[in-house]
Every structure is written in C-alpha cells, then in structure tokens.
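J.: just a sequence and a predicted model for now, questions to come.
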Amino acid sequence: MSKSCAATRVSDHNAWLPTEFRIVARRNELADVFTLELAGPEPFRFAPGQFNMLYVPGFGEAAISISSDSDRPERFQHTIRVVGNVTRRLQKFSSGDRLFLRGPFGTGWPIDRCPSRDVVIACGGLGLAPLRPVIYYLLHRRSQFGAIHLLYGARTPRDLLYAEEFAVWQSQGIEVRVTIDRGDESWRGAIGVVTQLMKPLRWRPESTMVLTCGPEVMMRFVAQEALAQQVRPDHVFLSMERNMNCAVGWCGHCQLGPSFVCKDGPVYTYAQIEPFLYVEDL
Amino acid sequence: MADIDIGKRYWLAKPAFQNLLDALRELGYQVVGPTIRDEAIIYGPIERVAELPIGWWDDQEGGRYRLRQAPTDAWFEFVVGPQSLKHYTFPPRQTVLEGNQQADGQWKLTAIKPESPPTAILGVRACDLAALVIQDRVFLGSQYRDESFAARRERLFLVAANCQRAAPTCFCKSMNCGPRVTQAFDMALTEGADGFVVEVGSAAGAAVAERLPLKLASQSQVTQVEQRLAALIEQMSQGSESQTSAEPDSAHHNGCRSQRQLDTAGLRDLLFGNLNHPHWDEVASRCLSCGNCTMVCPTCFCSTVEEVPLLDDSQVLRERVWASCFTSEHSYMASGVVRQTTRSRYRQWLTHKLAGWIDQFGVSGCVGCGRCITWCPVGIDITAEVAALRSPQEIDRSNGHE
C-alpha cells in the first residue's frame, strides 16, 4: 500500500525516548474533552493529520492527533477526550506542567494536492480535531483553493467542538455546516447525519477532494456519498484509528489489512483502504 | 589453520569439535547451543560437546513433539525446537526506557541499550537464518531503526548447521528458506560420518576458523555430505509422493512419511481476496486462541510496551514484551476490541504472515519451520489451512470488495 501523503522524518534518536515539552495553556472544550497547548525549546514541525504519543510516567502512552496550526510550530495543541488511564491523568495537567511525547508520526492529509480544487471536510465528533490543522492551512492560503466546505456532525449541541471558531472560519471563506443527532429547545440548525449535508453541495466531482474523520461507520457513508457524487476514489481521504503502541511499525497492534495505521496511515485514500473497510472484525 | 578463505570448504573432525567451543569462548563469546531441557531441545549455554543432544531425534507432528533415541549416532539429526534466534535478537521481555523521578518531582527518562555479551549460537538452521534476515527488514528496514535489535544482532556469531532430516512439519523448501544454509552465517557445518564440512561466511568466522585444526575438505568428504543434503532437498521438493517407498528409519534418516508443502503461488491475493471465506469459521472451531503459534514463530514480532512502576512511584520501567494477535488486548481501542472473535484473530495471523508481510516488508513472513504446527495444542496446520482456503469446494461468500 503506497503512502498517500508522506510526511515522515528519519528518526534521529532512540525511537522509544520521548521529548519533554511545557504546557503553556489548557482549556476545557466539552464535558470530557480538553486541549493542551505545548511548547518546546524548538519549533515542533508536523504535517496536518499527524499524531503524537503522549507519555505520562507511571501511566503510559496515548496516541493523540495534533489539532493546531502547522504554520505556527512554536506552539502546538492536542485536543483530548478522557477515555482511559492516560487521558484521565492528562486531564489533571495544567499550564506550567511538563509533558513527554514522541512524534510526530503517520501520514498527513493531502494538502499538497488540494490547490485549485474544491475541498469538502466531513467529520464527526472529535474527528474535527485532526482536521483543524487542515482548516488553518487552507485559510492561510485561501486564494489557492476553490470552494471549501466544512460539514460537521455531533451528538448534541453541547458536543460541538471548537464551536466558537465556526463564525471566524465562515468569515474567512469556509462554508461551515453543522448537524447534530439530537437537538434541544435552543437548537435551530440541522438534525441528522453528516451525509445529508453533502447532498445539497454544488459538486465539481472531477476537481474535489473529500477529507473525512470520525467513527468508522460515518466515514464509510461519507465515502460512499462522495463516490455517488462521482468523486474519484483516490480523492477521498479517511483517517483510520487502531490500537497504537509503538507508532513506528514494530509492535503490530495497529494493523489494518496489509498496512500499519501508524506509519502507512492514519490517512488513507478510499482507493487504498476500500478492500478492507467493509470486512468485519479486520 | 591460517589463511582461511571464505568460499573454500574445510573439514573439522568430530574429535576436534571441542576446539570450536573453546575457540569461541576464548574470543569472548558466550556459547549457546542446542541442549535438552524439559524434554525438548532448546538453546542453552554449552561448554562441552557432551552437552549437545547427540544421538537424539525429535519426532514432530501437528500438536506433537517427542524426543527419542536416534537409530544413529549423528550429532545434528534433530530438527528445530520451540526456540528460535528471536529469543536472542528480540527477547520476550526487554526494558526500553527507564524513568526516574528527581528531587523536584520532574522525571528524567533514559533509553536503555542492551548489555548482552557477544553470543555464539551453535547449530542454527536455514529456516532460522531466513527468519533473522526477515527480522532485519522488520526492525531495521524502515525510517525507524530498532537499536536494541541492532545491538543484539551485531553481537551474534552464528554457527549454522545444515539439516540432516526434515520433520513431517517442515516445509522450508516451499518457502525457499531451506534446507540448505545459504545466508547470514559466520560459519556453517554440514555433518558427515566422522566430521563436518565447514564453510566460513564472514571475517568473524575466519577469525574463529583460524584457531581450529581444519584441513581442506577432500572431494570424497564433500561428496558424502552433499549427497545426503541433495537427498533431503529432493525429499522436501517432492513432498509426500516421493515418500511412499521410504521407511521412516531408512538409510536417509528422513524420519517422515509425508512431507508438508505450501503452495505460495498468488497467495497474497488469494488471502486478501478471501477474507470472508467460510474456512475461517472452520479453523476458528478448532483454534483455542492460545497464541502458541505466535510465540514459537521465528518471525512473529508483535510486542506491547508495558508501564512497570515501582511501588513508591520514584522509578518506572517501560518493558517491551512479546504480544500475540490472538489476545483481545492486541486490538483494543477505547471504542472497543476490533478482533473479538477467534475467527478474526486466526485470520489476522495467517493473512499477516503470508500476505500482509509481503506488502510491509517485501517478503513472506513464513520460513516453513513448521513450529506453529508442532506447538499448536490442537495441531492446526498452516499448510492445510492454506490448501483449504484454495479449495474450490468452499465458495467465497465475501462481499466482492476485491
């Protein structure tokens, strides 16, 4: 399986040895989601879509995508949901604390292939976090691209991540559309699945890139809708998730078909991943 | 013997074999070789020739391994035991990182490099050398370099031994990994009646050979061992058909009635094209999901780094331990376990070994050593499962996502 968008670096030190960073800001995003902003002695260069292994001594490592602006590598962010021991401990970290991590790892989004094309970003829940670097990247170079759509779904209005940025992105040239599964009395927006937001778009399928991240079942439907709109299978990109342990292709846990999600992914084209996307328990 | 040439064949008489063990030790190697423990031939420290399992055979079949006295007094007529070189290049547990909490509460992390001494391993078979070369690709072949593996690997001195027999479980010939030793050795031995034909494969091998009472092998000595090796190769090439007339204890000491074969033609596409083949359910009805096959496999490399804190939290070790795709933890994610069923785990193991490996490392992950067959408690046979997956009687019900 070829790499869709390689942003690899040759490891210059022991692959197991994390580097220490300083937490310079922390904010609560949602009830169980928070963001840590980190800085190190040198800029931390990464490609949108890559991830780090965050390490808490005594607790272990967790694979977390980088969710900040790759053009501002002096500071970078991780948006984290509390789902296990490591992330529960990370939640207690605050500004001024030190944090170890290894990275960046994995393939990035195909930003170098997007110029002059329309870009449809379709994501769900925390799947917006690894796509936010793409949004910043596109906005910094807005004139190079055609139409840009952000289609975002969440469970409830209280689960909308980065909601305060939507208006800013809209004003800077991204069509932002939001849908939720269950509304409340104040919700005036769309209710339903993300694919419903895809249908009404004015598609130029031959020159559109579709980037999706979220639950696997959601990504399958997004990809199928994109294909139904005649978008090429190698212009549809999915960010896959599997158990990450080493992040360098040695531990075997993250295998998906013939690939290692940690280094051949997490971003794949639909053309690459399609033979394995519908196989149960793979 | 001075002026050792790589490529020439020498002769080491059996009574002089102790010189080899002594020379290795004098050159600073700890010497490890086949020896009997717990009713199996494993690798252990060897000081004297008498510690080798001379005169023993291992009978192997699916789910069965038994030692018995050989009908000959040959030294290396046993085949392969449960251990392989991976115990020495990729040990079952190794510390990769150490963290120490400082007085100010901050942690200092140190990457751990292995301190294993130079190790000479005696009696390594062609399949295990092939597995080592595959491991090189896994751990050293990408943009990341496993320094622990590299350090252990560089300190190995490998004394190979050409096989004299094949167990019925052996199919190295099918995988183009044996039985003849062709690569990655420092010194290679081929046993004859009263001595060994010795080939030298490296400068380190020459340095050892210079200390031994070697002579150039005579034509008749070479012919003697080559004829026997050729017969073994022929036996493994022909498979069961050629064995109809051969008694287990015949002059060729084959010790087997039917030789396994694995047809590798188009195997990658066959497996990835049959991910919903009904035979996966059939295997799953027998498989105990115990992971024995992954432990004895000389190429299986899955691992998990565990966090091992001291009770007072002042120190933590990160320990890399062997892992198996037959456990639920292996595919655990916060959203759930990906591979909940034995069917999906066996499928993962087999498709990775024989198909995914080709995409990942450009080579099959199987060397045909047959350990997974022998050490499977219910005798699941990788060669038979592949044959069943090829079977036209079982129609693929997969969803057409080819």
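T.: Thanks, I have it.

J.: mind pulling up the phi and psi values for residue 227?
T.: In the absence of a named chain, this looks at chain A. The phi and psi values for A:Leu227, taken as degrees, to the nearest 10, are phi -70, psi -40.

J.: please refer instead to chain B.
T.: Dihedral pair for B:Gln227: phi -60, psi -40, per degrees, to the nearest 10.

J.: distance of it from B:Ser237?
T.: Separation of B:Gln227 from B:Ser237 (Cβ to Cβ, to the nearest Å): 15 Å. (C-beta placed from N, C-alpha, C; glycine too.)

J.: one more: B:Glu115?
T.: Going from B:Glu115 to B:Ser237 by Cβ to Cβ gives 44 Å.

J.: the two - which one has more neighbours?
T.: Shown here are B:Glu115 and B:Ser237; by other Cβ atoms under 10 Å in any protein chain shown, B:Ser237 has more neighbours (12 against 6).

J.: what pLDDT does the residue lying closest to B:Ile382 once chain neighbours are set aside get?
T.: Excluding its sequence neighbours, the residue lying closest to B:Ile382 (Cβ to Cβ, 6 or more residues apart in numbering or on different chains) is B:Cys372, at 5.6 Å. B:Cys372 is assigned a predicted lDDT (pLDDT) of 98.

J.: what do you get for B:Pro392?
T.: 67.

J.: quick one: residues contacting the residue lying closest to B:Cys163 once chain neighbours are set aside.
T.: Excluding the flanking residues, the one nearest B:Cys163 by Cβ to Cβ, 6+ apart is B:Pro179, at 4.4 Å. Going by Cβ atoms under 8 Å, 6 or more residues apart in numbering or on different chains, B:Pro179 touches B:125-127, B:162-163, B:166, B:170, B:172-173, B:229, B:232-233, B:236.

J.: turn the residues you listed into TSV, including secondary structure and distance to B:Ala207.
T.: Converted to TSV, the contacts of B:Pro179 look like this (DSSP: H, G, I helix; E, B strand; the rest coil; distance: Cβ to Cβ, whole Å):
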residue	secondary structure	distance to B:Ala207
B:Arg125	coil	23
B:Ala126	helix	23
B:Cys127	helix	27
B:Asn162	coil	22
B:Cys163	coil	26
B:Ala166	coil	33
B:Cys170	coil	32
B:Cys172	coil	29
B:Lys173	coil	33
B:Leu229	helix	26
B:Leu232	helix	30
B:Ile233	helix	31
B:Met236	helix	34
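
J.: where does pLDDT dip in the chain?
T.: Just going to use chain A. Filtered on pLDDT under 70, chain A yields the residue ranges A:1-12.

J.: chain B, not that one
T.: For chain B, the stretches flagged by pLDDT under 70 are B:239-257, B:392-402.

J.: against A:Phe276, how distant is A:Met240?
T.: For A:Met240, the distance to A:Phe276 (Cβ to Cβ) stands at 9 Å.

J.: any common contacting residues for those two?
T.: Taking Cβ under 8 Å, 6+ apart as the criterion, A:Met240 and A:Phe276 both touch A:Leu256.

J.: and the residue lying farthest from the centre of chain B, how far from B:Glu98?
T.: Largest separation from the mean C-alpha position in chain B: B:Asp104, at 47.7 Å (Cα atoms, centre = their mean). Remark: distance between B:Asp104 and B:Glu98 (Cβ to Cβ) = 18 Å.

J.: do A:Asp118 as well
T.: A:Asp118 sits 51 Å away from B:Glu98, taking Cβ to Cβ as the criterion.

J.: then A:Trp16?
T.: Counting by Cβ to Cβ - A:Trp16 and B:Glu98 are separated by 10 Å.

J.: which of these two has more residues huddled nearby?
T.: A:Trp16 (23 against 15).

J.: from the chain's centroid, how far away is stretch B:80-90?
T.: 6 Å (Cα atoms, centre = their mean, to the nearest Å).

J.: what's the span of it from first residue to last?
T.: The first residue of stretch B:80-90 is 18 Å away from its last residue (Cα to Cα, to the nearest Å).

J.: that stretch and chain A, are they touching?
T.: No - Stretch B:80-90 does not reach chain A (Cβ under 8 Å from any Cβ of the partner chain); its nearest approach is 9.5 Å.

J.: bridged to the residue nearest to B:Arg93 when sequence neighbours are not counted, which residues?
T.: The shortest distance from B:Arg93 to any non-neighbouring residue, by Cβ to Cβ, 6+ apart, is to B:Val321 (4.9 Å). B:Val321 has these beta-bridge partners by DSSP bridges: B:Arg93, B:Thr304.

J.: can you count the residues close to B:Val321?
T.: The number of residues near B:Val321, taken as other Cβ under 10 Å, comes to 13.

J.: any idea which element A:Leu138 lies in?
T.: helix A:132-140 (DSSP states H and E).

J.: CA atoms only: put whichever helix or strand comes after that helix into CSV for me.
T.: Downstream of helix A:132-140, the first helix or strand assigned by DSSP H and E is strand A:148-154. Listed next in CSV are the C-alpha coordinates belonging to strand A:148-154 (Å, rounded to 0.1, in the frame of the first residue of the first chain):
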residue,chain,number,x,y,z
ILE,A,148,-14.1,24.9,0.9
HIS,A,149,-16.8,23.2,2.9
LEU,A,150,-16.7,22.1,6.5
LEU,A,151,-19.5,19.6,7.2
TYR,A,152,-19.5,18.7,10.9
GLY,A,153,-21.8,16.4,12.9
ALA,A,154,-22.0,15.9,16.7
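
J.: now do strand A:148-154 against helix A:132-140: the angle between them, please.
T.: Compare the direction of strand A:148-154 with that of helix A:132-140 by axes from the mean of the first three to the mean of the last three Cα atoms, to 10 degrees and you get 150 degrees.
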